[in-house]
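Undergrad: Need a 3D model of the sequence below.
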Amino acid sequence: MAVGILALLSPLVPLWNASPALATGAVPTCSYSQLEVAVAWGPGAAAGNNGIPFIIANISKSTCTLSGYPRLLFSPDRYEHQSIRVSHNVGMIFRRVNPRLVTIKPNEDASFGLNYGDAANQNDPSGAPCMVQNIYVTLPVRANTFNQNFETTVNFNFCFTNFLVGVTAIQSGPLPREG
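TA: Coordinates of the predicted model:
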């Protein structure tokens, strides 16, 4: 008798309310093989501040999603025991964007921006020891057995940035929002 009363007192939850992701046909997280990453164009500048836009193209036939920040690895990334630090939403060229779920349809794009200043440490070299040549971009894609990076070619003096660059969150559209 107690079991019957307990069953009558507990609310019944229909299955379609308990799992909205399944009922709505949620779009999956992008996989590495669905995407390509490239620099949209060279550095844009304004009063000692620079920005490099990156484009993320969905080259597959399926819609997918991304959310968060890309991880950036620089080569080279160190001069005299100092290395480049990446901070979220720092800089003046590309606007601060909070992470959100971005849906990328086939043949459409998402983007993120890299911000940096170029007026610090002017006594450091302006040549090869301080020049970034490649940025390896890791996106928050579906987990695989190993990290997969997209290699991009970019040249800027990281010593003049005071070893600090900013990156925006991934956002919809082919170009990151400017500040």
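Undergrad: So which residues of the chain form strands?
TA: 35-39, 44-46, 49-58, 64-66, 71-75, 78-79, 82-83, 85-88, 102-104, 109-117, 131-138, 150-157, 164-167, 171-172 (DSSP state E).
Undergrad: got these as CSV, with distance to residue 26, mean pLDDT and mean neighbour count columns?
TA: In this view, the C-beta of every residue, glycine as well, is placed from N, C-alpha and C. Below are the strands of the chain laid out as CSV (distance: least, CB to CB, whole Å; pLDDT from 0 to 100; neighbours: other CB atoms under 10 Å):
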stretch, distance to residue 26, mean pLDDT, mean neighbour count
strand 35-39, 19, 95, 17
strand 44-46, 36, 64, 12
strand 49-58, 17, 93, 22
strand 64-66, 9, 97, 21
strand 71-75, 24, 94, 16
strand 78-79, 42, 87, 16
strand 82-83, 39, 89, 12
strand 85-88, 26, 94, 14
strand 102-104, 10, 98, 20
strand 109-117, 18, 94, 24
strand 131-138, 23, 92, 18
strand 150-157, 25, 88, 15
strand 164-167, 27, 93, 22
strand 171-172, 18, 96, 19
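Undergrad: for those strands, which one sits closest to residue 95?
TA: Nearest to residue 95, of all these, is strand 109-117, at 8.2 Å by CB to CB.
Undergrad: Just give the strands next to that closest one in its sheet, each with its orientation.
TA: The strands beside strand 109-117 in its sheet (DSSP bridges) come out as strand 49-58 (antiparallel), strand 164-167 (antiparallel), strand 171-172 (antiparallel).
Undergrad: Let me have the ones you listed in CSV, adding distance to residue 113 as columns.
TA: What follows is those, written out as CSV (distance: least, CB to CB, whole Å):
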stretch, distance to residue 113
strand 49-58, 5
strand 164-167, 7
strand 171-172, 9
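Undergrad: among those strands, which is nearest residue 66?
TA: That would be strand 49-58 among the strands paired with strand 109-117, by CB to CB, at 7.1 Å.
Undergrad: Extract the CA atoms of that closest one and return them as CSV.
TA: Taking C-alpha atoms only, strand 49-58 is exported to CSV below (Å, rounded to 0.1, in the frame of the first residue of the first chain):
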residue,chain,number,x,y,z
ASN,A,49,47.0,48.3,-31.3
ASN,A,50,46.8,45.5,-33.8
GLY,A,51,44.4,42.8,-34.6
ILE,A,52,44.4,39.7,-36.8
PRO,A,53,41.1,38.1,-37.7
PHE,A,54,40.9,34.3,-38.1
ILE,A,55,38.2,32.6,-40.1
ILE,A,56,36.8,29.1,-39.3
ALA,A,57,35.2,27.5,-42.3
ASN,A,58,32.8,24.6,-42.2
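Undergrad: Thank you kindly, that will do.
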